[in-house]
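In: Show me how the following folds:
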Amino acid sequence: MQAAPASAAQPSAAPDPLSNTLIRVVYRSRCLTDNQGERDILESSRRNNPEHGITGVLVSHGGWFMQVLEGPVLQVNNLMAKIRNDSRNGEFLLLRANAIMERDFGQWAMASTQVDAEQFMQLLDALMYDTKPSAQMLQDFVMEGRWRDLPAR
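Out: Got it, this is the predicted structure:
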């Protein structure tokens, strides 16, 4: 029995089911860089995220980051690996990762805002447990500069 010639058409691989699955990831980390380093992170995110279909928001307070990333699971996983290994981040902690049907932050390649300590802790808690009001509250704060307290769980 002879092998098929190298030029013979090969069956195309089935599309990866994860390629179209959207995921939302929430993490927090300590910022190990100065203000210019933070600006560089934001500029890089805003420049690179659209080509990978990634959107989200970066929240900072007192040397800490909390970030929500949304996008195709493979691209978000690749970005998370880069973030975990980035020397500008320390004490990385993944808070939540889940499949989503639609984006909450789809209009932002990477929005950013600074909050006070109480707001940071409220957001961590709310985003970790994926309460819907947390996304709306964060959108309101970033877009309108107003803080809306979350309802008690």
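
In: rest of the way, CA atoms for contacts and neighbours
Out: Noted.

In: And P72, its phi and psi?
Out: phi -60, psi 140 (degrees, to the nearest 10).

In: L32 too?
Out: Dihedral angles (degrees, to the nearest 10) for L32: phi -110, psi 30.

In: Look up how far D40 lies from it.
Out: For L32, the distance to D40 equals 13 Å [Cα to Cα, to the nearest Å].

In: likewise R103?
Out: R103 sits at a distance of 25 Å from D40 (criterion: Cα to Cα).

In: The two: who's more crowded?
Out: R103 (17 against 12; other Cα atoms under 10 Å).

In: what sits against the more buried one?
Out: 70-71 (Cα atoms under 8 Å, 6 or more residues apart in numbering).

In: Show the model's pLDDT score for it.
Out: Per-residue pLDDT puts R103 at 89.

In: so which helix or strand takes in R30?
Out: Using DSSP states H and E, R30 maps to strand 22-31.

In: Pull out the buried residues from stretch 54-72.
Out: Residues 54-61, 64-72 are the ones in stretch 54-72 that count as buried (16 or more other Cα atoms under 10 Å).

In: In contact with the spatially closest residue to G56 that is not a sequence neighbour, which residues?
Out: Leaving aside its chain neighbours, G56 sits nearest to L69 (4.6 Å; criterion: Cα to Cα, 6 or more residues apart in numbering). For L69, the contacting residues are 24-26, 54-57, 76, by Cα under 8 Å, 6+ apart.

In: Give the buried residues for whichever helix or strand Q139 is part of.
Out: For Q139, the host element (DSSP H and E) is helix 132-144. Buried residues in helix 132-144, counted by 16+ other Cα under 10 Å: 134-135, 137-139, 141-142.
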